[in-house]
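**Student:** Just need the structure, nothing else, for what follows:
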Amino acid sequence: MKNIFIISSMFFLLIGCFEQPDITPPYFIPKQSPDSLEERGIDAHPDNAIYLEWEEPASAESEGILDYYIYRGKLIDQEYQFKKIATVERNAGILYDSDKYIDYDVNLDTTYYYYLKSHNDFTVSRETSDTAYYKLSYKATPNSPLGDIYSNQPRFEFQYPRFNIDNINYFYFRLAYFENESYTIKYFSKIFRFDLSKSTFIVYIKSTGSHTTILFDNLWKNSENKNYLEKGNYRWRIDAIASQLGGAPETEGSESDWMYFTVK
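**Tutor:** All right, here's what the predicted structure looks like:
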């Protein structure tokens with residue numbers, strides 16, 4: 001019995017001497033620029049939250065990765081302080097699968113930093129993903145149209161607070177039409193917030209002002225070649241964006257709630 005105990009002890013000591021092989025961390029999907037129809041990567045969420053999106057490593061299946069750990073940090077006294085905030089279970093058996101997480105436990109006007117680690121039955125990846133960061137600003141408030149309307153060329157009115165703690169200078173207007181069981185973007189424009197004393201803004205689909213840029217227009221045209229809305233169900237939203245030089249992906253902004261209406 002004594003010899004068996006000694007051999008067993010030596011076996012476990014030898015196992016402890018060998019470091020478990022490392023596993024590969026995921027990586028964040030690159031943030032899209034604010035004038036892109038496709039919204040990918042870290043972003044604002046309408047519920048005053050921050051949306052994260054990443055791609056799992058190609059070796060996730062062979063490395064037996066089970067979960068991804070999310071770490072969030074802030075810059076405090078010139079030092080980055082991170083802590084683990086969540087575990088997201090991997091969709092077993094699916095390679096190259098995008099995953100996502102919404103962080104609701106955040107405040108406005110605070111920059112949050114995030115990185116990821118992989119985890120399997122034996123270890124947590126020593127390396128981390130790249131670091132993504134974002135800061136939430138105040139949300140715009142859509143006012144009208146809402147509910148049933150009878151105009152096929154409505155004006156879209158929303159408000160944004162004059163006194164705020166951010167440097168928002170652009171609004172992005174998205175209008176989507178319900179077809180084929182989902183909402184499809186039909187109109188997308190950028191409005192420059194040139195007058196900081198204003199709190200009420202109006203968007204027209206039948207004309208553009210000097211401070212409006214049309215980024216996408218797939219609306220219907222009448223006999224005078226002017227935009228109009230077909231009968232049906234719509235939704236619209238306003239993104240408030242702090243721009244960067246050269247049109248780089250923004251790292252500060254917000255998304256309003258969706259406003260729904262029906263053209264009768």
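
**Student:** The residue nearest to residue 127 when sequence neighbours are not counted - how many residues pack around it?
**Tutor:** Counting by C-beta to C-beta, 6 or more residues apart in numbering, the nearest residue to residue 127 once its immediate chain neighbours are dropped is residue 25, at 5.2 Å. Glycine gets a C-beta too; all of them are placed from N, C-alpha and C. For residue 25, the count of nearby residues is 23 (other C-beta atoms under 10 Å).

**Student:** Same question for residue 259.
**Tutor:** Applying other C-beta under 10 Å, we find 20 residues neighbouring residue 259.

**Student:** re earlier: list the contacts for the residue nearest to residue 127?
**Tutor:** 57, 116, 117, 118, 125, 127, 128, 129 (C-beta atoms under 8 Å, 6 or more residues apart in numbering).

**Student:** That one: which element?
**Tutor:** Under DSSP states H and E, no helix or strand contains residue 25.

**Student:** likewise residue 235?
**Tutor:** strand 232-241.

**Student:** I'd like to know which elements the helix or strand following that strand is packed against.
**Tutor:** Sequence order places strand 252-255 as the next helix or strand after strand 232-241, per DSSP H and E. On a contact count with 3 or more C-beta pairs under 8 Å, 6 or more residues apart in numbering; DSSP states H and E, strand 252-255 meets strand 43-45, strand 132-136, strand 232-241.

**Student:** Residue 30 is nearest to which of these?
**Tutor:** Closest approach to residue 30 among the helices and strands packed on strand 252-255 (C-beta to C-beta): strand 132-136, 9.2 Å.

**Student:** average model confidence for the next helix-or-strand element following the closest one?
**Tutor:** Downstream of strand 132-136, the first helix or strand assigned by DSSP H and E is strand 141-144. For strand 141-144, the mean per-residue pLDDT is 97.

**Student:** ok, strand 141-144: who's next to it in the sheet?
**Tutor:** strand 155-159 (antiparallel) (DSSP bridges).

**Student:** For the residue most central in space within the chain, give me its contacts.
**Tutor:** Among the residues of the chain, residue 43 comes closest to the average C-alpha position under C-alpha atoms, centre = their mean, at 2.6 Å. Listed by C-beta under 8 Å, 6+ apart, the contact partners of residue 43 are 31, 50, 51, 53, 134, 253, 255.
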